[in-house]
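In: here is my input; please provide its structure:
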Amino acid sequence: MRMQSLTAQYKNRYFDADTGFTSNVRHSWTRWKLTVHTEEEDPRTELKLHCLTFMMKSWLRMKRLNNETAQQLAQSVIELNHQIQQKDKEIKSNEAKMQEYQRQITELKGECWELRGQLQDLEQANQTLKDEYEALQITFGALEEKLRRTTNDNQELVSRWMAEKSQEANKLNARLRTQAKLQKELADAAKEPLPMAEEDDIEVLVEDSGKGTGKASPDRPLSRTPSKCISIQPPQSGLLDSFSNKF
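Out: Now for the predicted structure:
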């Protein structure tokens, strides 16, 4: 019991559980080591020596552990500082990237608003073109219908004109044939003269030049000319063919 109490006393005196050995442990060990041989043998002195030896060994062990721990802590601090520096670099790089991205976002927002304005303008222009296209379609339909009617009217007029011209050509051909027949008969009659008195005349149908129809007027009397004055030219050979080809 006495030794345990002394050990506890010296531990409480030279050892602190929170801070380790006090600074006077080495000095106490040196002083007691010098005086241990001068003092008489005493159980307390032996106990003190034992306690000091134990405390010195513990102190050395703690110091070695503290050195190792300090080295580990120093290495950890160095690594942590390096990691902190790396993290700082990453943070700065990320901040620069964020600023660049923010700038790009701002530019893209401006471009987006500009493109939206252009899109609205294009939509308005497209709607205007649609309206103009519909108006042109309506105008085109009306003009197409008018053209169809005009074409039909022209065809009808051409048909009527051709029919009238054909009738006129037929009438003219009939007149020419009649005149040619009469002229041929007159020419044949002129080749074979009949005995007649000097006072007798040959009745000749004279064409009414005012109307140009080629027929004798029913109201106009026949003129009598002497046979010696008859001179009738034969019709031209190509006149009938030219009128036929023309109509």
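
In: all contacts plus neighbour counts: C-alpha atoms, from now on.
Out: Will do.

In: and the strands in the protein?
Out: Applying DSSP state E to the chain gives strands spanning 15-16, 20-21, 202-204, 223-225.

In: please work out the average pLDDT along the second one.
Out: Confidence for strand 20-21, expressed as mean pLDDT, is 45.

In: next: stretch 189-203.
Out: 57.

In: ok, now stretch 81-94?
Out: 91.

In: buried set for it?
Out: Of all the residues in stretch 81-94, not one is buried under the rule 16 or more other C-alpha atoms under 10 Å.

In: neighbours around Arg116, how many?
Out: When neighbours are defined as other C-alpha atoms under 10 Å, Arg116 has 12 of them.

In: ok, it to Ala163 distance?
Out: Per C-alpha to C-alpha, to the nearest Å, Arg116 is found 69 Å from Ala163.

In: ranges for the helices of the chain?
Out: Listed in chain order, the helices of the chain (DSSP state H) span 2-14, 25-35, 43-191, 239-246.

In: ranking those by mean pLDDT, which is last?
Out: When the helices of the chain are ranked by mean pLDDT, helix 239-246 comes last with a mean of 46.
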